[in-house]
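# the following comprises the amino acid sequence and a computationally predicted model.
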Amino acid sequence: MKKAFLPEAVNVEIILRLFADFESGTGTHVMLVSPKGELFLNLGDETVCEKFHFSHPAGGGFLREWAEELSVKTGDAKLAEPLCPFGYPVLCYSIQASNGSLGMLVACGYTFEPVDPKKVERTSRRFGFDSDSYRHSLSKIVEIPRDFARNMRSLFKMLGTAVERCLDADLTSMEQRKKLEESNRFYHSLLDNNHAIILMINPNNGRIEDASMGAAEFYGYSPGQLKMMRFAEINLSSEDEMISAIRNLDHKGVQSFFSVNRLADGSTRNVNIYLTTVTLFGHIYIFCIVQDITQQKEYEKEMRKAREKLYHVQKLEAMESLASGIAHDFNNILSSVIGSAELARMQAQDKPEVMNHVQSILKSGDRAKELVRQIMMFSRQVELEPRPIVIANQVRQVLKQFKKNLPHKIKVVSDIADEIPAVFGDPVQIQQILINLLHNASQAMGSSGTLSVSLSRIEQNVDEKVYRDVQLVVSDTGSGIAPAVRGKIFEPFFTTKDHQHHSGLGLAIVYSVVKELGGTIEISSEMGEGTSIIVKLPISETLPAELESGVSEAVYSDGARLVLVDDEDSILQIGRMMLESYGYDIDTFQDSSKAMQFMKEHGARIDAVLLDYAMPEPDGVQMIQELREMYPQLPVFIITAYYQELPKLKDITDNVIEKPLDWVKISHLLHKALHP
């Protein structure tokens with residue numbers, strides 16, 4: 001029988017004692033075989049099974065097959081009682097451990113019937129055994145009464161369980177020793193070859209038990225010297241902080257605190273100490289990583305500022321998301337309000353007193369549209385759209401709002417000249433400039449003083465070239481700016497105030513925006529008399545849209561047929577009335593799937609489609625893609641109140657309409673699309 005070998009960790013003597021007890025109690029023979037049917041272990045007595053049966057290919061194959069079959073069995077199925085190829089009963093029990101099958105326990109060398117001489121002769125001839133030797137060996141087989149078989153099976157199952165536990169425990173112990181040896185090697189490589197400052201401290205007495213090469217280099221002691229010291233000898237800060245940190249390790253995996261450490265030469269270093277607990281060789285230690293922050297004296301302040309900025313960014317991101325949702329809903333509401341007002345204006349042409357109220361509603365609606373857009377621009381949901389703007393209107397609006405937040409002892413004086421020309425930029429950029437300048441001026445005065453704002457038109461001759469600018473001056477009566485720091489005030493993060501409450505970004509933002517608009521910025525300040533910031537922006541050669549002459553009128557249709565799709569019922573109702581008043585024949589749908597079914601049936605007779613982006617399945621983008629496949633030449637306009645989606649939508653189609661809806665503008669867009 002082919003021999004296999006158990007791992008050295010297995011305590012063979014205990015297993016053999018178990019075998020001996022079982023064999024003496026039952027008269028049978030016990031073996032432990034490998035998962036491949038090879039002999040692991042037995043008591044060493046040569047039996048008929050080993051001499052004739054298991055040394056024969058048929059016997060070896062029998063063991064291998066049963067070892068493989070039982071290797072996946074559990075519970076009672078782990079025990080089997082087959083007949084061997086030579087006709088004698090065998091008990092088999094699968095031995096399994098946590099890492100898989102360990103083989104099979106086999107009990108043999110017994111029979112329930114007297115040995116039949118004729119059967120012996122037949123078996124000898126069939127398998128090529130010497131009949132006399134075979135008969136002699138079989139005479140040693142124990143004949144067991146059948147009523148004893150049940151007891152023997154129970155004893156064998158108990159033996160299998162005991163052997164299984166012994167093997168599993170020994171192999172688990174071996175794995176643990178291997179892991180411990182690996183951990184030990186890793187631990188020593190970590191300390192012996194690491195330039196990080198690492199200390200292992202005994203939590204019971206504060207003694208340094210081990211130290212890395214990096215710690216020896218940092219402190220100026222050899223590792224052996226460090227191991228003879230207590231941590232308190234190099235740590236100059238109060239031990240209370242470290243004791244508190246150690247106690248808190250039960251609640252948090254890592255603790256840290258600031259400290260001052262003394263080196264061998266007497267010098268000191270500012271350090272951050274990070275602590276955690278580790279278990280090595282059955283003992284608990286404090287694992288310390290020491291970070292030298294001597295060159296980072298402002299470390300804690302910078303970290304605090306970074307956390308505050310991160311929190312501020314997170315708040316801005318939350319506001320951006322909230323602003324997007326509010327703008328969507330608000331633009332839908334505005335579409336209804338402005339659309340209803342437009343209808344009222346059409347019906348009140350001969351009623352001047354009603355027309356005045358309608359015009360007031362429309363004017364307020366336009367202001368609300370601009371307000372929503374400003375909110376979205378501040379939250380970075382839409383791109384800036386530079387254009388000629390009336391800067392005087394922007395200054396008046398910002399001043400009106402800013403006054404509400406000033407202390408009552410600060411007086412605001414404004415001097416805005418008549419007929420201030422337009423400048424080229426985005427309203428949000430002008431507001432950014434003015435709000436930051438006003439805020440900076442009010443902070444310079446504290447709770448009382450005079451804040452002055454002037455806006456005028458100027459001309460300058462420089463190198464025989466005439467420059468025409470709009471000049472904005474914001475002045476305060478504060479303490480002024482010292483000459484030594486005037487050259488730094490436009491630098492990012494520079495501030496003469498408390499860093500905890502002032503970012504130092506206000507004037508840096510102003511400087512950046514002014515330069516982006518092609519302007520200049522100057523500062524005039526006298527100690528004790530206040531400061532003036534002078535901003536000059538180039539005049540726009542193009543007239544702003546809000547000052548263009550004439551009132552935009554709708555363009556009427558000659559009966560073109562439209563489809564309008566939107567999930568807002570009020571928009572559908574107003575859209576139907578407005579577009580019908582412009583001469584269109586219109587079908588409206590609140591359900592996008594019904595709209596698509598209608599287009600499949602009647603699309604050939606439709607002249608244009610207006611559909612909302614934020615529709616349930618299918619949404620606006622899916623609809624426009626399907627419509628393009630069905631009717632490639634059909635003009636399709638997509639409507640949206642989601643400003644952040646505009647760049648993506650404009651990549652899909654040029655026909656994008658923003659909410660709140662301007663039906664007069666829509667009439668022009670439709671006319672242009674239908675009459676190219």
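Nice, thanks for sending it over.

# what is the least confident helix or strand in this structure?
helix 646-652 (a mean of 67; mean pLDDT, DSSP states H and E).

# next secondary structure after it?
strand 656-658 (DSSP states H and E).

# in contact with residue 97, which residues?
Residues counted as contacts of residue 97 (Cβ atoms under 8 Å, 6 or more residues apart in numbering) are 164, 167, 168, 171, 172. Just so you know, the C-beta spots here come from the backbone N, C-alpha and C atoms, and that holds for glycine as well.

# look up phi and psi at it.
For residue 97, the backbone dihedrals (degrees, to the nearest 10) come out as phi -130, psi -180.

# my guess is residue 441 is in a helix, correct?
Yes. According to DSSP: H, G, I helix; E, B strand; the rest coil, residue 441 belongs to a helix.

# now it: closest residue in space that isn't a chain neighbour?
residue 476 (3.8 Å; Cβ to Cβ, 6 or more residues apart in numbering).

# any idea how many residues pack against that neighbour?
By the criterion of other Cβ atoms under 10 Å, residue 476 has 25 neighbours.

# next one: residue 477
Neighbours around residue 477, by other Cβ under 10 Å: 19.

# please list the outside residues in contact with the longest strand along the chain.
Looking across the chain with DSSP state E, the single longest strand is strand 448-462. Strand 448-462 is contacted by residues 391-392, 395, 399, 406-407, 409-417, 419-421, 434, 438, 441-442, 445, 466-478, 530, 536, 539 when judged by Cβ under 8 Å, 6+ apart.

# picking up where we left off before, the residue nearest to residue 441 and residue 442 touch, don't they?
Yes. Contact criterion Cβ atoms under 8 Å: residue 476 and residue 442 qualify, at 7.3 Å.

# pull the number of nearby residues for residue 635.
If you count neighbours by other Cβ under 10 Å, residue 635 ends up with 20.

# go on, residue 663?
Neighbours of residue 663 (other Cβ under 10 Å): 19.

# grab the nearest non-local neighbour of it.
Residue 663 sits nearest to residue 578 (Cβ to Cβ, 6+ apart), 4.2 Å away.

# now do residue 172
Closest to residue 172 by Cβ to Cβ, 6+ apart is residue 98, at 6.7 Å.

# how about residue 392?
Leaving aside its sequence neighbours, residue 392 sits nearest to residue 420 (Cβ to Cβ, 6+ apart; 4.4 Å).

# are we agreed that the one you found is in a strand?
No. Counting by three-state DSSP, residue 420 is not found in a strand; it is coil.

# identify the bridge partners of residue 31.
Beta bridges link residue 31 to residue 42, residue 106, judged by DSSP bridges.

# so it touches residue 106, yeah?
Yes. If you go by Cβ under 8 Å, residue 31 and residue 106 touch, sitting 4.7 Å apart.

# out of these two, which sits in the more crowded spot?
Set residue 31 next to residue 106 and count neighbours by other Cβ under 10 Å: residue 106 wins out with 27 against 23.

# hmm, back to that, can you list the strands that the next helix-or-strand element following the longest strand of the chain pairs with?
Toward the C-terminus, strand 448-462 is succeeded by strand 465-476 as the next helix or strand (DSSP H and E). Its sheet considered, strand 465-476 pairs with strand 448-462 (antiparallel), strand 530-538 (antiparallel) by DSSP bridges.

# out of those, deepest packed?
strand 530-538 (a mean of 20; mean count of other Cβ atoms under 10 Å).

# what average pLDDT does the helix or strand hosting residue 353 get?
Remark: residue 353 resides in helix 352-378, with elements defined by DSSP H and E. Mean pLDDT, helix 352-378: 69.

# what residues sit buried inside stretch 112-120?
residue 120 (16 or more other Cβ atoms under 10 Å).

# cool, and stretch 566-586?
So for stretch 566-586, counting by 16+ other Cβ under 10 Å, buried means 566, 568, 571-572, 574-579, 581-582, 584, 586.

# and for stretch 150-159, what's in contact with it?
Here stretch 150-159 makes contact (Cβ under 8 Å, 6+ apart) with 18-19, 22, 25-26, 28, 30, 79, 81, 91, 93, 105, 107, 144.

# identify the residues contacting the residue nearest to residue 392.
Applying Cβ under 8 Å, 6+ apart, the residues near residue 420 are 390, 391, 392, 455, 456, 457, 470.

# who does the fourth one bridge with?
I take that to be residue 455. The partner residues for residue 455, given DSSP bridges, come to residue 416, residue 472.

# check it and give its pLDDT.
pLDDT, residue 455: 92.

# ok, it to residue 525 distance?
20 Å (Cβ to Cβ, to the nearest Å).

# repeat that for the fifth one.
Here the distance between residue 456 and residue 525 works out to 20 Å (Cβ to Cβ).

# swap in the second one?
Relative to residue 525, residue 391 is positioned 24 Å away (criterion: Cβ to Cβ).

# so between those two, which is more surrounded?
residue 391 (25 against 20).

# tell me, what's the model's pLDDT at the spatially closest residue to the more buried one that is not a sequence neighbour?
Spatial nearest neighbour of residue 391, chain neighbours left out: residue 423 (5.0 Å); criterion: Cβ to Cβ, 6+ apart. On pLDDT, residue 423 comes in at 89.

# surely residue 423 meets residue 536?
No. Under the criterion of Cβ under 8 Å, residue 423 is not in contact with residue 536, lying 10.0 Å apart.

# which residues do the two both contact?
Residues touching both residue 423 and residue 536 (Cβ under 8 Å, 6+ apart): residue 470.

# if we can go back for a sec, out of the contacts of residue 97, who has the most neighbours?
residue 167 (24 neighbours).

# list the contacts for the closest residue to that one other than its chain neighbours?
Sequence neighbours aside, residue 102 is the residue nearest to residue 167 in space, at 5.3 Å (criterion: Cβ to Cβ, 6+ apart). Residues counted as contacts of residue 102 (Cβ under 8 Å, 6+ apart) are 35, 95, 96, 164, 167, 168, 171.

# pull the most distant pair out of those.
35 and 168 (15.0 Å; Cβ to Cβ).

# can you name the element that comes right after the strand or helix carrying the residue nearest to residue 663?
Element membership of residue 578, judged by DSSP H and E, is helix 569-581. Downstream of helix 569-581, the first helix or strand assigned by DSSP H and E is strand 585-589.

# and the helix or strand hosting residue 667, what's buried?
Secondary structure from DSSP H and E places residue 667 in helix 663-674. In terms of neighbour count (16+ other Cβ under 10 Å), helix 663-674 has its buried residues at 663, 666, 667, 669, 670, 673, 674.

# ok, now how distant is the fifth one from residue 660?
According to Cβ to Cβ, residue 670 and residue 660 sit 18 Å apart.

# for the stretch 51-200 of the chain, what spans make up the helices?
Per DSSP state H, counting those that start in this stretch, the stretch 51-200 of the chain carries helices over the ranges 57-70, 117-127, 131-138, 149-192.

# most tightly packed of these?
Greatest average neighbour count among the helices of the stretch 51-200 of the chain goes to helix 57-70 (a mean of 18), per mean count of other Cβ under 10 Å.

# ok but residue 216 is inside a helix, no?
Yes. Counting by three-state DSSP, residue 216 falls inside a helix.

# residue contacts, the closest residue to it other than its chain neighbours?
Nearest residue to residue 216, sequence neighbours excluded (Cβ to Cβ, 6+ apart): residue 223, at 5.0 Å. Taking Cβ under 8 Å, 6+ apart, we find residue 223 in contact with 210, 211, 212, 213, 215, 216.
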